[in-house]
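Chemist: here you go, sequence then predicted model.
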Amino acid sequence: MLDLAVIGAGPCGLAVGVAAKRAHLGCSLFDKGPVAASLTRYPLYMQFFSTADKLEIGVPFVTAGDKPTRREALTYYRKVAEHFELDVRQYHTVGQVARAGDGFELVARHPGSAEPEKIRSRNLVLATGYFESPNVLGVPGENLPHVSHFYVEPHPYWQQRVVIVGGGNSAVEAALELCRVGARVSIVHFLGEFDRGVKPWILPDITNRVKEGRVAVRWCSRVVEITPAEVVVRRDPDGDGERIPADFVLALTGYTADLALLRSIGVAVDEKTGIPRHTPETMETNVPGVYIAGVLASGFDANKIFIENGREHGGRICGHIKSKPPRVSPEG
């Protein structure tokens, strides 16, 4: 039986694994994708806002520039897993968790195995993040092949008509990259201005591109339908509809954590904030032995927890597990 099983092998999940290794706790990490899968969804040429020292987990993070790139971060987190010899079980989807005796039983499936694997663990940590659960528009045509909730690089959109839905950092940064490679970009945003959280050093850039006409914006508007060649937009609250020609649609409307697994084992979630009930000092939820790490603890406000403060959760969790009284065997 493991001391703890970690679901999610992103930076914060890895931080739990490193803390467990240092505390001499038996630990395995399970992820339905590769290690640090969320970072593979980031734009190809992205540079982190945080400096390398704030993204470190256990070993120094050395970069060529002042701030690490996406590629450097992926390399670093692979090396962290190798350095600490973490048991990371990639491409293992945990679809079921149940209480079993004095711990939990996880059912994990790997696409290369005919039968699911069952794992027993005294404690459970969920560090699943939110990047795999985009906020859907809920409109007809959203599942068409030219519609995506992720943006990786500008090259495929050269000289194409691209409609971007959203007004946050992801939408703004994508719009700037796309207009620079010659895409014809239109932004549709339900507010009358860009989101307050847009990075201050890129706000003047996007504002100037809008003034120049290189990026068109439909303020106070919502998408009501997507067709193979157009995006139907309606201005709030009851304005006229408009059809915008589109070869591609990028719905960059943010992400929300999937809490179904947490709820299935009895963890209470605040309906207003989306925050699972937990003790911040230990990260233990209302279900004894079940912990959360990373952005899950921020609920619907994903801007409250990043790698630089979420990496601290591993130490709190493992410290709390180590402080528990030793279990007495039936024979003892």
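Modeler: Arrived safely. Residues are numbered from 1 along each chain as shown.
Chemist: quick check: domain ranges of this protein?
Modeler: Annotated domains of the chain cover 2-133+255-323, 147-251 [automatic domain parsing].
Chemist: next, the buried residues of the top strand by length along the chain.
Modeler: Counting by DSSP state E, the longest strand found in the chain is strand 117-126. Within strand 117-126, the residues that count as buried by 16 or more other C-beta atoms under 10 Å are 119, 121, 122, 123, 124, 125, 126. C-beta coordinates here come from the backbone N, C-alpha and C atoms, glycine included.
Chemist: farthest pair in the residues you listed?
Modeler: In the buried residues of strand 117-126, the most distant members under the criterion C-beta to C-beta are 122 and 126, with 15.2 Å between them.
Chemist: what about the helices in the stretch 201-332 of the chain?
Modeler: Per DSSP state H, counting those that start in this stretch, the stretch 201-332 of the chain carries helices over the ranges 203-212, 260-264, 307-310, 313-323.
Chemist: closest one to residue 277 among those helices?
Modeler: Using C-beta to C-beta, the nearest of the helices of the stretch 201-332 of the chain to residue 277 is helix 260-264, at 9.8 Å.
Chemist: in the protein, which ranges drop under the pLDDT threshold?
Modeler: Scanning the chain for pLDDT under 70 picks out 327-332.
Chemist: need the longest helix for it.
Modeler: Counting by DSSP state H, the longest helix found in the chain is helix 70-83.
Chemist: residue contacts, residue 193?
Modeler: Residue 193 is in contact with 167, 219, counting by C-beta atoms under 8 Å, 6 or more residues apart in numbering.
Chemist: which of the helices of the stretch 201-332 of the chain sits closest to residue 83?
Modeler: helix 313-323 (15.2 Å).
Chemist: just give me how far the closest one sits from the chain centre.
Modeler: Chain-centre distance of helix 313-323: 23 Å, with C-alpha atoms, centre = their mean, to the nearest Å.
Chemist: same check, this time on stretch 88-107
Modeler: Using C-alpha atoms, centre = their mean, the offset of stretch 88-107 from its chain centre is 21 Å.
Chemist: start to end distance for that stretch?
Modeler: 16 Å (C-alpha to C-alpha, to the nearest Å).
Chemist: again with stretch 292-304
Modeler: First residue to last in stretch 292-304 (C-alpha to C-alpha) measures 15 Å.
Chemist: tell me where the stretch 51-200 of the chain has helices.
Modeler: Under DSSP H, counting those that start in this stretch, the stretch 51-200 of the chain gives helices at 70-83, 169-180.
Chemist: in the shortest one, what counts as buried?
Modeler: Neighbour-count burial for helix 169-180, with 16+ other C-beta under 10 Å as criterion, is recorded at 169, 170, 171, 172, 173, 174, 175, 176, 177, 178, 179.
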